[in-house]
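Asker: next one to model:
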Amino acid sequence: MHWQEKKGLAAEQFVIGNGAADLLFSLVLAEKPQKAMIVIPAFSEYEQALKTVGCEILYHEVKKENNFRLGTDLTEKITSELDFLFLCSPSNPAGQAVEKEFLIKIAEKCEKERVRLVLDECFVQFLTSGEEASMQLETGRFRYLFVLQAFTKIYAVPGIRLGYGISSDKALLERMETVRQPWSVSTPAQAAGLSALKEDHREEQTRQLVKSERERMEKELENLRIEYIPSEANFLLFNSEINWFEELKKRGILIRDCANYRGLGNGWYRLAVRLPEENDRLLECMKQVLNERS
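Answerer: Numbering: from 1, shown residues only. The predicted structure follows:
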């Protein structure tokens, strides 16, 4: 199966990389932005990539009070003074998706102001609407839009390292190729990607399983009186005075301590939504911790 069949886009619009992070760094190196804005809390590699070229970084912080959902005030901050805008939907680590209608308005403003919109959609396949929620087909309409996706999230193979960018800006993709190391995508990763393209039903099966388990875990967290952020992705962000990273580590479970996320800080943790039996073990361990403390 070819990209044209799977995505409805020309193969020339794709750039393949050694994971999404590889493409982030290549994109920044190719463009060398002087001023960029990141919607936070966010994936730390956006900031790391920008710092490699000495870029001035501004931050647009979304608030806990609104479940870290993006507000319309962002469009007011998109001006010609910016070179880049980094946005993630569904967001990492909160799992909040931006409505497509609003994404189009953001893309229109970026196009008008000539701001490169880097839209990280690595978790978009987990949304109930699936790839219908994606902006990938809008790349032909917006030359300044760069959509970032990955095989490794929905197919749960992060160690394979296989991500891809989508853009209609041919000159940008050519510049990216000139700054990238040769042979950045391994043969096993290519084989995994080709195999994934043939699994038509896997995405939907995974999406339904994650949705069902995520909703069950949210109810369990409510029962445990643990404050969490409702998610649309394959993880849950929650806040607690208990050091859950250390408590669960003692029991052989690792979760993500989100203290180093700009805009969060101590007390924030992220749980992955995994297979039912794994989720059961996690929840049982959390109950044990709470029982011991009471």
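Asker: low-confidence bits of the protein, can you list those?
Answerer: Along the chain, segments meeting pLDDT under 70 span 1-6.
Asker: how is it divided into domains?
Answerer: The chain resolves into domains spanning 3-198, 202-293 when parsed by automatic domain parsing.
Asker: buried stuff in the longest helix anywhere in the chain?
Answerer: Longest helix in the chain by number of residues (criterion: DSSP state H): helix 202-223. Neighbour-count burial for helix 202-223, counted by 16 or more other C-beta atoms under 10 Å, picks out E203, T206, R207, V210, K211, E213, R214, M217, E218, E220, L221. Just so you know, the C-beta spots here come from the backbone N, C-alpha and C atoms, and that holds for glycine as well.
Asker: return the most buried member of the domains of the chain.
Answerer: domain 3-198 (a mean of 18; mean count of other C-beta atoms under 10 Å).
Asker: give me the distance from that domain to the chain's centre.
Answerer: 8 Å (C-alpha atoms, centre = their mean, to the nearest Å).
Asker: pretty sure M37 sits in a strand.
Answerer: Yes - membership of M37 in a strand is supported by DSSP: H, G, I helix; E, B strand; the rest coil.
Asker: mind giving me the packing neighbours of the helix or strand harbouring L87?
Answerer: Here L87 sits within strand 84-88, counting by DSSP states H and E. Other elements packing on strand 84-88 under the criterion 3 or more C-beta pairs under 8 Å, 6 or more residues apart in numbering; DSSP states H and E are strand 35-40, helix 100-113, strand 116-120.
Asker: the helix or strand that the last one is followed by pairs with which strands?
Answerer: Downstream of strand 116-120, the next assigned helix or strand under DSSP H and E is strand 145-150. According to DSSP bridges, strand 145-150 has the following sheet partners: strand 116-120 (parallel), strand 163-166 (antiparallel).
Asker: what angle sits between strand 145-150 and strand 84-88?
Answerer: Angle of strand 145-150 versus strand 84-88, following axes from the mean of the first three to the mean of the last three C-alpha atoms, to 10 degrees, is 40 degrees.
Asker: would you put the C-alpha positions of strand 145-150 in CSV?
Answerer: The C-alpha coordinates for strand 145-150 follow below in CSV (Å, rounded to 0.1, in the frame of the first residue of the first chain):
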residue,chain,number,x,y,z
LEU,A,145,1.5,24.2,8.0
PHE,A,146,3.7,21.3,8.9
VAL,A,147,1.9,18.2,10.4
LEU,A,148,3.9,15.8,12.5
GLN,A,149,2.7,12.2,13.0
ALA,A,150,4.2,8.8,14.0
